[in-house]
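**Student:** Mind folding the following:
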Amino acid sequence: MKKSAVIISVLLLFAVLFAACAKGTAANEPELGNYVLPAYIVKNSGKDLLVTAEEGLYFVSLSESKVYENSKEIGKEELKAGMSVQIGFDGVVLESYPAQITADIIKVTGETQDKISLFEKVLEEYFNQREDYSWFKTVALDFTKLSVSEPQKNALEYVFTNYLSTKTNADVIRSTREKLEKEGKLKNGIFENGVILSIKENGDSTYDFRAYTGPLGAEGSTFKAKMKNGEWKIDYTGYWIS
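**Tutor:** Residues are numbered from 1 along each chain as shown. Now for the predicted structure:
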């Protein structure tokens with residue numbers, strides 16, 4: 001009887017050990033802590049992340065962080081644009097723009113349809129197809145047809161402005177064609193030495209990207225997009241020019 005009890009105890013011990021092993025690193029995964037920022041990744045420079053949150057943009061230092069996905073620790077380089085994450089940090093926020101925090105723990109919670117990195121990619125493809133844009137003195141950004149929050153529009157403005165600074169010395173402003181006309185900056189509908197870049201969110205899951213310099217200087221594209229494995233796949237369904 002005692003021998004049977006010993007055998008049963010040994011079997012139970014192995015069962016507990018097996019269950020612990022089956023959980024992998026989940027048992028060792030640290031908690032996020034008291035301060036958690038839910039966010040979406042826009043860029044990973046290797047040293048820090050640019051992320052968007054409900055309040056706007058953040059730079060997230062990776063110097064002291066550990067990263068987990070599906071309860072397993074992964075490399076920081078595996079953090080990709082388009083991932084949704086929860087960022088545990090010490091509560092200290094540097095009041096710059098973007099704001100700055102240092103991550104302790106980052107948990108990947110999935111892929112997202114956050115569109116900041118998508119629209120930046122569309123902008124990059126537009127400029128990559130053009131050889132001469134040095135004549136731009138003003139670039140006006142029109143996000144009035146996007147159904148995203150104002151902090152997200154501010155984040156998109158920051159990302160666009162940062163990218164455009166690598167391509168042109170133009171002043172970047174937020175405006176619309178109607179507003180520019182009222183201000184007298186358009187003459188006969190022509191935006192002299194300037195371009196209006198706009199993005200429109202259609203009701204059929206498509207988007208229109210438009211570049212306007214005048215009645216005979218407008219072009220655009222219609223596209224659909226889907227996030228797959230941390231990268232936006234863009235399907236351009238139409239182009240037009242006037």
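**Student:** my guess is residue 201 contacts residue 207, does it?
**Tutor:** Yes. Assessed by Cβ atoms under 8 Å, residue 201 is found in contact with residue 207 at 5.8 Å. Glycine gets a C-beta too; all of them are placed from N, C-alpha and C.
**Student:** Pass me the low-pLDDT residue ranges in this protein, would you?
**Tutor:** 1-28, 113, 131, 230 (pLDDT under 70).
**Student:** And the residue nearest the centre of it?
**Tutor:** Centroid-nearest residue in the chain, with Cα atoms, centre = their mean: residue 42, separated by 2.9 Å.
**Student:** Look up phi and psi at that one.
**Tutor:** Main-chain torsions, residue 42, degrees, to the nearest 10: phi -100, psi -40.
**Student:** which residues of the chain fall in strands?
**Tutor:** 35-44, 48-53, 56-61, 66-69, 72-74, 83-89, 99-111, 138-142, 171-174, 194-201, 207-212, 218-228, 231-241 (DSSP state E).
**Student:** ok, back up a step: ok, now how distant is the nearest residue to the residue nearest to the centre of the chain once chain neighbours are set aside from residue 159?
**Tutor:** Ranked by Cβ to Cβ, 6 or more residues apart in numbering and with sequence neighbours excluded, the top spatial neighbour of residue 42 is residue 50, at 4.5 Å. Going from residue 50 to residue 159 by Cβ to Cβ, to the nearest Å gives 8 Å.
**Student:** Quickly list what's touching both of the two.
**Tutor:** 42, 57 (Cβ atoms under 8 Å, 6 or more residues apart in numbering).
**Student:** Most tightly packed of the strands of the chain?
**Tutor:** Comparing those by mean neighbour count (mean count of other Cβ atoms under 10 Å), strand 48-53 comes out on top with a mean of 24.
**Student:** which residues touch it?
**Tutor:** 37-43, 57-62, 79, 85, 87, 98, 103, 114, 116, 152, 155, 159.
**Student:** Report the contact partners of the closest residue to residue 106 other than its chain neighbours.
**Tutor:** Nearest residue to residue 106 in three dimensions, chain neighbours excluded: residue 67, at 4.7 Å (Cβ to Cβ, 6+ apart). Applying Cβ under 8 Å, 6+ apart to residue 67 gives the contacts 73, 74, 75, 76, 78, 79, 105, 106, 107, 108.
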